[in-house]
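In: Give me the fold of what follows.
(2 chains)
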Amino acid sequence: MITDNTGGLPRYCHPYHGGWDVATIALNIPESRILFICPVTCARNICLNAINGGYKDRVDVLALTEDDIVSGSYEEKTVAAACEILDTVQPRPKAMILYVSCIDAMLGNDHSFQTEEIMSCYPDVTCFVLKMCPITRFSGDLPLVALQHDMYAPLPEEPVPHTDTVGFIGSNIALHPDNELIRILQDAGYRPLHIQACDRYEDYLAIRSAKVNLCLMPFGKTAGELLAERYGAKMIPYFARPDFTSIRTTITAVCNALDIALPDLDAMEAETVRILQECAAYIGDTELVIDSTATLFPDILRKTLTACGFRIRRIYADGVQQKAPDIDAGSIQMPLVRSYEDNENVIAIGMAASSFAGADKTVNMFYDNGEWGHYALRMLAARIRAAYEHPRSAVQVRKEARK
Amino acid sequence: MNNLYRVLPPLAPDYAGACAVMYELGGLVLIHDATGCTVNYVSFDEPRWHEKPGMVYCSGLTEIDAVMGNDDVLIDKALRAAEELHPAFIAYVGSSVPLIVGTDFAGIAAETEARSGIPSFGFECSGIRSYIRGASDALYALADRFCGEKTESSGTLLLGQLPLDDAGTDASRKIPELFPDLRASLSFNCTLDDLRQAQNAACCVVVSAAGLRTARMLEQRYGIPWTAGLPLPACTVPHGSVLVIGEDVRAHSLAAALGNAAALDLFSDTGLADYHTRQEEEIAALAARYDNVIADPCFRPLVRGNFIPMPSMSVSGGLFAETVPALDTAAIAALLK
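Out: Take a look at the predicted model:
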């Protein structure tokens, strides 16, 4: 019996994730430090991304041996390693994250004694466990959903008074200051709080005071529910759907929740449409291919772009063809037979599409680059235009892409 | 504290070495994991992936399959993929969860072969041992299975050449150029036919410790003599003491060519190198005894003396470009104090 969603085929794993990994997400907690406790290989891509991103000094690894696993001695070693780190790092981290991997799920460990022991030695440090366990992806919440929840679960349970703060959760990247939503909030006197953009642990704690939490991506859903239940903050699930109706609905919902006057939504939309149409005219007959690593909603993006004059050749996304059999869609997880030709005259949005189509023009984008709304669509138009003006082989783009 | 990596990244694991050996041979390779191990491999341990992605896939192991020992799922996936891809062989490569649940890869491979008639292999990798161990096991198993009767004796066969030992594929392409009578370099720029004809080599050169076990087998079975090491030109410029950190054979070769130098092996402990450790404190203490240290850029924080960066995929996964050619001892010597 098949117990996963691969349809009985092995899974293709593509390497290009724009630097997104579980460590970068967890390290969004300011003044935190990670100790991975796992077989040495599990943390290899994490540490290499950390070196590449310049934050390796916040990531340590306790490499488990077979003896450690069989004997259970790694439980004591975990405490010793955490203490060694906390004794030597200055300034001392405010949060110590013990990150465990798939084998931990298999062994069914309880880490509470370790976190309690560490916190008893260092009362100024909050210590908690996060999980990098893709093996559990069909056993409960998706790992990235669970991760967002578990990042906010260690917050002190006591509620604090609400302030004019709006929390942004579920994404790995703070919205750009020029994003229309940020401007609307700031013009109305609200503080947009992305912990990704903060340097102080206090800002992480301040998420408790948010009046509203905006859930940027579906990964933040259970985190938003936790914050709503614990601190009474309304959660608005304004997922990053790249269509004008969703954008309008979201801005309206945010403004209504915070009693902010609505901006001129028609004018904003007209300007975005004008920019997209200009871009479509500029690239002419050059077709686009879109994949589901570039955006969580590739078919919605297809419809938006098509309405503005773009020609979409193909989508690489699992499940799309079942919902929309009229469009040309390919699997991203199970493309057994792949061509990987090069120099195909097409603009690929996303690295998987770039590889599969052999595109000679690529917009290297992962999960919308953390952008949303009119700002995101306008930025996409600028990127499509840049890719059109500066063709580069898919092989070269792959070599340089962030993992 | 031992096994606490505070400076270095975790080094390339055994499944990366096994997959690297099979990458160009036309086999269907399934890493038995949830996704993370395969992503590690294709992202940072296989530079050839970015040039031409290979037939390396993830089994998509789930918690329930692991707990229930549901190996039929794995075999069915391989056979279904084989119907479309027509691979020359099928190989299952283990990871950390199969280690915990004791997956019987030899049995799975045997059942696969019985059902399909396709030569099949199972490698008990764990993600805990080094890439040299995984590569050694895979190369040995393939050679043991595919090498036939000896019909001639010509050319030099390189054993154990892996892109993981270099800064990237451009650097890897220079290794075979050192051997004018090259027959083939197994594991890099080669075909399964090169492997099938390996027994016809006149001699073998082991260019990483991954080739040692196979060299011994070919010697025992076919009488093919072998040596270990790269034929690098000797350095004639006087210089201070040098510590070369890296793969056993490669580090030893460079140290021997430079003179007044020692080698520190990170991966295999075959005895060629003067030292073997991957503990950061021990490496820092050893490095302090030498005037010059040649190593991957990731080692720089552990070194107080003159540091010459020599990137290796097995350490830094292609993050750093080569600044001095790894085979050019004169250029390296010019940087020594």
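In: And for the residue in the stretch 201-337 of chain B that chain A sits nearest to, the neighbour number?
Out: Chain A sits closest to B:Gly317 of the stretch 201-337 of chain B, with a gap of 4.6 Å, by CB to the nearest CB. In this view, the C-beta of every residue, glycine as well, is placed from N, C-alpha and C. Neighbours of B:Gly317 under the rule other CB atoms under 10 Å in any protein chain shown: 31.
In: what separates A:Cys127 from chain B, distance-wise?
Out: 17 Å (CB to the nearest CB, to the nearest Å).
In: For that residue, give me its contacts.
Out: A:Ala82, A:Ala95, A:Met96, A:Ile97, A:Leu98, A:Gln114, A:Thr115, A:Ile118, A:Met119 (CB atoms under 8 Å, 6 or more residues apart in numbering or on different chains).
In: OK, contacts around the last one?
Out: Read it as A:Met119. With CB under 8 Å, 6+ apart, A:Met119 has these contacts: A:Val125, A:Thr126, A:Cys127.
In: let's see 7 Å
Out: A:Val125, A:Cys127 (CB atoms under 7 Å, 6 or more residues apart in numbering or on different chains).
In: which element is it on?
Out: helix A:112-121 (DSSP states H and E).
In: Quick check: end-to-end length of stretch A:304-320?
Out: Using CA to CA, to the nearest Å, the span of stretch A:304-320 from its first residue to its last is 16 Å.
In: any residues touching it, and which ones?
Out: Everything outside stretch A:304-320 that qualifies as a contact, by CB under 7 Å, 6+ apart, is A:242-243, A:273, A:276-277, A:280-281, A:285, A:287-292, A:298-299, A:302, A:327-333, A:346, A:352-353, A:356.
In: Mark which of the residues you listed are part of strands, please.
Out: A:Glu287, A:Leu288, A:Val289, A:Ile290, A:Asp291, A:Ala329, A:Gly330, A:Val346 (DSSP state E).
In: Pipe those into CSV and attach neighbour count, pLDDT and distance to A:Ile29 per row.
Out: Output for the ones in strands among the contacts of stretch A:304-320, formatted as CSV (neighbours: other CB atoms under 10 Å in any protein chain shown; pLDDT from 0 to 100; distance: CB to CB, whole Å):
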residue, neighbour count, pLDDT, distance to A:Ile29
A:Glu287, 17, 97, 42
A:Leu288, 27, 97, 37
A:Val289, 27, 94, 36
A:Ile290, 30, 95, 33
A:Asp291, 26, 93, 30
A:Ala329, 23, 77, 37
A:Gly330, 20, 78, 38
A:Val346, 21, 96, 40
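In: Quick check: A:Ile332 touching A:Val289?
Out: No - the pair A:Ile332 / A:Val289 is not scored as a contact, 11.4 Å apart, by CB atoms under 7 Å.
In: Could you export the ones in strands among the contacts of stretch A:304-320 as CSV, including distance to A:Ile173?
Out: Listed next are the ones in strands among the contacts of stretch A:304-320 as CSV, based on distance: CB to CB, whole Å:
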residue, distance to A:Ile173
A:Glu287, 28
A:Leu288, 23
A:Val289, 24
A:Ile290, 20
A:Asp291, 19
A:Ala329, 27
A:Gly330, 27
A:Val346, 27
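In: of the residues you listed, closest to A:Tyr16?
Out: Among the ones in strands among the contacts of stretch A:304-320, A:Asp291 lies closest to A:Tyr16 (CB to CB), at 10.2 Å.
In: Please list all residues in contact with the closest one.
Out: A:Pro298, A:Tyr316, A:Ala317, A:Ile332, A:Gly350, A:Ala352, A:Ala353.
In: how about a cut-off of 10 Å?
Out: Counting by CB atoms under 10 Å, 6 or more residues apart in numbering or on different chains, A:Asp291 makes contact with A:14, A:298, A:314-317, A:330, A:332, A:348-357, A:365-366.
In: do B:Ser241 as well
Out: B:Ser241 touches B:Leu258, B:Asn260, B:Ala261, B:Ala262, B:Arg289, B:Tyr290, B:Asp291, B:Asn292, B:Val293, B:Gly305, B:Leu336, B:Lys337, counting by CB under 10 Å, 6+ apart.
In: Which members of those are positioned in helices?
Out: B:Leu258 (DSSP state H).
In: Can you tell me which of the contacts of B:Ser241 has the most neighbours?
Out: Highest count within the contacts of B:Ser241 by other CB under 10 Å belongs to B:Val293, 27 neighbours.
In: and it, what is it in contact with?
Out: Per CB under 10 Å, 6+ apart, neighbours of B:Val293: B:241-245, B:264, B:283, B:286-287, B:299-300, B:302-310.
In: From chain B, how far off is the closest residue to A:Arg230 other than its chain neighbours?
Out: Of all residues not flanking A:Arg230 in the chain, A:Glu157 sits nearest, at 6.2 Å (CB to CB, 6 or more residues apart in numbering or on different chains). Look at A:Glu157 and chain B: by CB to the nearest CB, they are 30 Å apart.
In: cool, and A:Arg248?
Out: 36 Å.
In: For that residue, grab phi and psi.
Out: phi -60, psi -40 (degrees, to the nearest 10).
In: On the pLDDT front, check it for me.
Out: The model reports A:Arg248 with a pLDDT of 95.
In: what does A:Ala280 give?
Out: 98.
In: A:Met1 too?
Out: 45.
In: now swap in A:Ser171 and tell me
Out: A:Ser171 is given a pLDDT of 88.
In: Kindly report the same for B:Leu157.
Out: Confidence score, pLDDT, at B:Leu157: 98.
In: Assumed it was part of a strand.
Out: Yes - B:Leu157 forms part of a strand when assessed by DSSP: H, G, I helix; E, B strand; the rest coil.
In: quick one on the thing from earlier: buried among the contacts of stretch A:304-320? Need that as a selection in ChimeraX.
Out: Command for ChimeraX that selects the buried part of these, burial taken from 16 or more other CB atoms under 10 Å in any protein chain shown:
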select /A:242,273,276,280,287,288,289,290,291,292,298,299,302,327,329,330,331,332,333,346,352,353,356
